[in-house]
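Visitor: sequence and predicted structure below; questions after.
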Amino acid sequence: TRSNLSFVNLLAPFELCGLFLGATLPYAFSAMTMKAVGVAANKMVQEIRKQIRMKKEGKGKLDSNQCIAIATDAALNEMIAPGLLVLLTPFLVGYLFGPRAVAGVLAGSLVSGVQMAISASNSGGAWDNAKKYIELKKGKNTLQHQASVIGDTVGDPLKDTSG
């Protein structure tokens, strides 16, 4: 191979440091994507509030195209940083520390990423299902339902974005 690596010893210093760095990448990526969802949702809420206020004052009408533009803009712009994190980390580590460290980064991110994806998908789905169960058994006008809506607010981006 071009890297002249015939084997990788994950207990060697460069590989081990790369392994630890790689293990943090899925968590950093997930945090960045969930923050992006929060930023986009906040922009959407502000726009909807503005449109409702203007409609009540008789100064405008509801415009779904503006909401679509906000969602599209956020989907493109807010994902730049997480994308750069994933794409540039192996290059930067390889340039600074060499191919052995990159091997550790890749191994660490794969193992940690699989665990993170399974955990995020399952826990987000559990929160979503808990809300549905409470709606079915207790109804929508209860304290349990109010609490489950908060859990679902966290669970949806956890399973849909990060998982």
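Guide: Alright, I've got the coordinates.
Visitor: quick one: the residue sitting furthest away from the middle of the chain from Gln66, how far?
Guide: Relative to the centre of the chain, the most outlying C-alpha is that of Gly58, 38.8 Å out, by Cα atoms, centre = their mean. Gly58 sits 18 Å away from Gln66, going by Cβ to Cβ, to the nearest Å. To be clear about C-beta, it is placed using only N, CA and C from the backbone, and glycine gets the same treatment.
Visitor: next: Ala130.
Guide: Counting by Cβ to Cβ, the separation of Ala130 from Gln66 is 34 Å.
Visitor: next one: Ser3
Guide: Ser3 is 50 Å from Gln66, where distance means Cβ to Cβ.
Visitor: outside of stretch 84-96, which residues touch it?
Guide: Residues outside stretch 84-96 that contact it (Cβ atoms under 8 Å, 6 or more residues apart in numbering): 18, 21, 25, 28-29, 32, 101-102, 105-106.
Visitor: give the rounded mean pLDDT of the helix or strand encompassing Leu96.
Guide: In the assignment (DSSP states H and E), Leu96 maps to helix 80-97. On average, the pLDDT along helix 80-97 is 95.
Visitor: buried residues in the helix or strand just after it?
Guide: Proceeding N to C from helix 80-97, the next assigned helix or strand is helix 99-137, under DSSP H and E. Applying a neighbour-count criterion of 16 or more other Cβ atoms under 10 Å, one finds 99-109, 112-113, 116, 120, 123-125, 127-128, 130-131, 134 buried in helix 99-137.
Visitor: try stretch 140-149
Guide: Residues Ser148 are the ones in stretch 140-149 that count as buried (16+ other Cβ under 10 Å).
Visitor: and for stretch 5-22?
Guide: Buried residues in stretch 5-22, defined by neighbour count with 16+ other Cβ under 10 Å: 8, 14-19, 21-22.
Visitor: now what about that stretch, what contacts it?
Guide: Residues from elsewhere that reach stretch 5-22 (Cβ under 8 Å, 6+ apart): 89, 93, 97-110, 112.
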